[in-house]
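Visitor: Next input, structure requested:
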Amino acid sequence: MAGIEGKVVLITGASSGIGEATARLLAKHGAHVVLGARRTDRLVALADEIAAAGGSVRYRRVDVTQREDVAAFVAFARTAFDRVDVIVNNAGVMPLSRLDAFKVEEWDQMIDVNIRGVLHGIAAALPVMQEQKRGQIINLSSIGGHSVVPTAAVYCATKFAVLAISEGLRQEVGGDIRVTVISPGVTESELADSISDPDARDGMKAFRRISIPAAAIARAIRFAIEQPDDVDVSEMIVRPTASPY
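Guide: Residues are numbered from 1 along each chain as shown. Presented below is the predicted three-dimensional model:
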């Protein structure tokens, strides 16, 4: 099944940023989008807008740090549409700080959302795709998964992990199931809002002066999905043209 139209696409972190932009774009091109996030009010508003524009949409609250939640999210989508063609593991957090600030709870949060969240998505969707003998898993990494900068050690570690998990999965499931990892550069989003450390927050403001809209990453995701089944776009880095990072 090449193209977008008619595919059932699950998106975590769909209440804002890249997830929201991806939901809007894919629904516009005929996908059945299933939205997941913790902020149900935003999911309702987004789903209403997509439906009003003629799109096919469902939504369910999901906390990607909870394995049972993600399993229920995938089961919900399968019940609604009888299959799962694509899962976009997009949910992520970025509370940056120096390691010697010892914000251990924030380290744990990044590990739980950015790594475990992806693994939970894989664990829930992969058996369905193996049964179907078709599917695509798209994981969101970052340019932080390719290089490390001060205050971002733990965040970068989680995004390096997403790259490693994605490549390992690709090698293990090749044939019927495609695996794609997208690494955004500086993109307009709410990620920086989670930074509690004042120095890291100020540094990120300067870092994010040159950015691209979330729709740019959505278009990359669309490109990966719309390829024929025998074409796997394994990895893409999408960054601002003017950015040195």
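
Visitor: For Q130, see how far away D229 is.
Guide: 15 Å (C-beta to C-beta, to the nearest Å). In this view, the C-beta of every residue, glycine as well, is placed from N, C-alpha and C.

Visitor: remind me, longest strand of this structure?
Guide: strand 177-184 (DSSP state E).

Visitor: quick one: average confidence on that strand?
Guide: Across strand 177-184, the average pLDDT comes to 98.

Visitor: Then stretch 87-105?
Guide: For stretch 87-105, the per-residue pLDDT averages 96.

Visitor: okay, how far is it across it, tip to tip?
Guide: 28 Å (C-alpha to C-alpha, to the nearest Å).

Visitor: Ok, stretch 187-196 next?
Guide: Taking C-alpha to C-alpha, stretch 187-196 runs 19 Å from one end to the other.

Visitor: mind checking how far the residue positioned nearest the centre of the chain is from K103?
Guide: Against the mean C-alpha coordinate of the chain, by C-alpha atoms, centre = their mean, the closest residue is N90 at 1.3 Å. Here the criterion is C-beta to C-beta. By it, N90 lies 24 Å from K103.

Visitor: Now for the nearest residue to R134 once chain neighbours are set aside, how many residues are close by?
Guide: Nearest residue to R134, sequence neighbours excluded (C-beta to C-beta, 6 or more residues apart in numbering): D176, at 5.8 Å. By other C-beta atoms under 10 Å, 12 other residues sit near D176.

Visitor: Tell me if I'm right that D176 and E131 touch.
Guide: No. D176 lies out of contact with E131 (C-beta atoms under 8 Å); the separation is 10.3 Å.

Visitor: What residues sit buried inside the longest helix seen in the chain?
Guide: Longest helix in the chain, counting residues (DSSP state H): helix 153-173. The neighbour-count check on helix 153-173 (16 or more other C-beta atoms under 10 Å) flags 154-163, 165-166, 169-170, 173 as buried.

Visitor: ditto for stretch 91-110
Guide: Under 16+ other C-beta under 10 Å, the buried positions of stretch 91-110 are 91-97, 103, 106-107, 109-110.

Visitor: Lowest mean pLDDT among the helices and strands of the protein, which one is it?
Guide: Between all helices and strands in the chain, the lowest mean by mean pLDDT, DSSP states H and E belongs to helix 198-207, at a mean of 66.

Visitor: Just want the angle from the following helix or strand past that one to strand 177-184.
Guide: Going down the chain from helix 198-207, the next helix or strand is helix 214-226, by DSSP states H and E. With axes from the mean of the first three to the mean of the last three C-alpha atoms, to 10 degrees applied, the angle from helix 214-226 to strand 177-184 works out at 160 degrees.

Visitor: for helix 214-226, the distance to its chain's centre please.
Guide: 11 Å (C-alpha atoms, centre = their mean, to the nearest Å).

Visitor: low-scoring stretches of this structure, by residue?
Guide: 1-2, 189-194, 199-208 (pLDDT under 70).

Visitor: same thing but 90
Guide: By pLDDT under 90, the weakly predicted segments of the chain are 1-3, 174-175, 187-211, 242-245.

Visitor: Helices along the chain, start to end?
Guide: Along the chain, counting by DSSP H, helices occupy 17-28, 40-52, 67-81, 104-110, 117-132, 153-173, 198-207, 214-226.

Visitor: okay if I get these as TSV plus distance to R60?
Guide: Putting the helices of the chain into TSV (distance: least, C-beta to C-beta, whole Å) gives the following:
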stretch	distance to R60
helix 17-28	13
helix 40-52	8
helix 67-81	5
helix 104-110	22
helix 117-132	12
helix 153-173	23
helix 198-207	31
helix 214-226	20
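
Visitor: Which of these has the highest mean neighbour count?
Guide: helix 17-28 (a mean of 24; mean count of other C-beta atoms under 10 Å).
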